[in-house]
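Student: Curious how this folds, go ahead:
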Amino acid sequence: MFDALKVRKSQGRQYIVDLRRAVPDGFRGLPVIAERPCQTDCRACADVCPTGALSLDPVRLDLGRCIFCSECVDACPSGKISFSSNTHMASSTLDGLVVRQGDAERSAVDVSAALKRVFGRSLKLRSVSAGGCNGCELELNAMSNVNFDFGRFGIDWVASPRHADGLVLSGPLTRNMAEAIELAYEGMPAPKFVIAFGACTISGGPYAQSSALDRRFIERFVPSLYVPGCPPHPLTFINGILDLLGLLLPTPNDSSG
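Tutor: The predicted structure is shown next:
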């Protein structure tokens, strides 16, 4: 027993106390579009973007398409685009995912009074991987580990759609998974809602033009929350959920992440 206590003491505090202010080391997060002008007739960033996430005149970046590869940063001769370590990137609308010049800080998630009233104290989520590479799924699994521990807010994963309030979709939504998505959603009791997790789910990502996709479900059932990233950071997901439900957290003197 004493040996176990010594090990525990040597490990220190592993969980993140303040998820609102936590800043992950080395994280490539919310893009920043600087005020400085682009070079004349320059299209370097847009031409190199593999998912068509960048638009010009003025420069705009769609987080729903962005895979955070930073090719645009390397290609831009004027240093117009950079990536911050800000994890707060979720949005309740597709338009809220568009980053414009000067958007260093943003809050694109609208509090849902209806969802807060029903799920503010307890929220059960069912994850369905619809043709993903398993990158997003690994990050979803991390939500319940000792570091992030979203169970402390009454949020849990469940194995059956019958027990779920929200459906978390990852992957580009392939034809082979179309029926499984429908069955999972149909099996969930009302009220219920959908969360789009990752660039592939939001826009199709690098596979947007593939004939293997069937994205009709997400067109019929518009997500209440979009969580961008490739894959998204657990903090982006958790803070997005807390914003959606209007849950505020205490901010003790610990912002490590």
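Student: Can you name the residues that contact Met188?
Tutor: Shown in contact with Met188 (CB atoms under 8 Å, 6 or more residues apart in numbering): 126, 161-162, 164-165, 167. Yep, even glycine has a C-beta here, placed from its N, CA and C like the rest.
Student: Tell me the one of those residues nearest Asp47?
Tutor: In terms of CB to CB, no member of the contacts of Met188 lies closer to Asp47 than Leu167, at 36.7 Å.
Student: about what we covered before: among the contacts of Met188, give me the pair with the biggest separation.
Tutor: Arg162 and Leu167 (12.3 Å).
Student: Look at those two and report which has more neighbours.
Tutor: For Arg162 versus Leu167, the count of surrounding residues by other CB atoms under 10 Å is larger for Leu167: 23 against 10.
Student: Need phi/psi at the more buried one.
Tutor: Backbone torsions of Leu167, given as degrees, to the nearest 10, read phi -100, psi 120.
Student: do the same with Leu123
Tutor: Torsion angles, degrees, to the nearest 10, at Leu123: phi -130, psi 120.
Student: likewise Ser170?
Tutor: phi -130, psi 160.
Student: I figured it was touching Ile195, is that so?
Tutor: No - with contact defined as CB atoms under 8 Å, Ser170 does not count as touching Ile195 (9.4 Å).
Student: Compare those two (neighbour count), which wins?
Tutor: Neighbours per residue (other CB under 10 Å) separate Ser170 from Ile195, with Ser170 holding more: 27 against 22.
Student: Checking the residue lying closest to the more buried one once chain neighbours are set aside next. Helix, strand or coil?
Tutor: Distances taken as CB to CB, 6 or more residues apart in numbering place Cys136 nearest to Ser170, at 3.8 Å, with adjacent residues excluded. Here Cys136 is recorded as helix under DSSP: H, G, I helix; E, B strand; the rest coil.
Student: quick one, what contacts Cys136?
Tutor: Contacts of Cys136 by CB under 8 Å, 6+ apart are 129, 170-171, 197-198, 200-201, 231-232.
Student: Thanks again, I'm all set now.
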